[in-house]
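Chemist: Have a look at this fold, sequence not included:
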């Protein structure tokens, strides 16, 4: 019985040490992705197309909460022309998970947009996928899902 308890204690201790080391290793990468998320928010609310061009991968798939899908070109064109203006956003419950050269971000956001003269207020959750590339981390996918009232 003592051997069994000792074995279980060693296994649990080993698992906790491995978990702590994994979290420690992911810390700086998760912090990098969180900084990119803040840059994304700042760029959207300032209609900073130049900053968004740097954040988005050329192959980004940008799926809005209404199901509309944009490419990098179509999305940035709408912002550049003023057809889409992000007036404000509030984000919370942000979680980052890093898997090698890929990071997944989940978040709750309330966003206020002026789209072709129509005010759109959205309460949703989004998922971002970042991939580490030779020129840095790039956002390759955005998917937003409305939260039912």
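Modeler: In hand now; what should we look at? As the structure is a prediction and not an experimental result, all values here were calculated from the model.

Chemist: okay, CA-based contacts and neighbour counts for the rest of this
Modeler: Will do.

Chemist: residue ranges with poor pLDDT in the protein?
Modeler: Residue ranges of the chain with pLDDT under 70: 1-26.

Chemist: can you rerun that using 50?
Modeler: 1-25 (pLDDT under 50).

Chemist: Where do the helices of it begin and end?
Modeler: 2-45, 49-55, 72-81 (DSSP state H).

Chemist: which strands and helices sit next to the last one?
Modeler: So that's helix 72-81. For helix 72-81, the elements it packs on are helix 49-55, strand 56-63, judged by 3 or more C-alpha pairs under 8 Å, 6 or more residues apart in numbering; DSSP states H and E.

Chemist: buried ones in it?
Modeler: 72, 75-76, 78-79 (16 or more other C-alpha atoms under 10 Å).

Chemist: is the nearest residue to residue 45 once chain neighbours are set aside in a bridge, and if so with what?
Modeler: Excluding its sequence neighbours, the residue lying closest to residue 45 (C-alpha to C-alpha, 6 or more residues apart in numbering) is residue 86, at 5.0 Å. Taking DSSP bridges as the rule, residue 86 bridges to residue 113.

Chemist: With the one 10 residues further on instead?
Modeler: Judged by DSSP bridges, the bridge partners of residue 96 are residue 105.

Chemist: same thing with residue 132?
Modeler: residue 137.

Chemist: Please report how far it lies from residue 79.
Modeler: Residue 132 sits at a distance of 25 Å from residue 79 (criterion: C-alpha to C-alpha, to the nearest Å).

Chemist: Residue 136 now?
Modeler: 24 Å.

Chemist: do the same with residue 27
Modeler: Computed as C-alpha to C-alpha, the residue 27 to residue 79 distance reads 33 Å.

Chemist: same question, residue 147
Modeler: When distance is defined by C-alpha to C-alpha, residue 147 is 24 Å away from residue 79.

Chemist: Then residue 93?
Modeler: From residue 93 over to residue 79 (counting by C-alpha to C-alpha), the distance is 26 Å.
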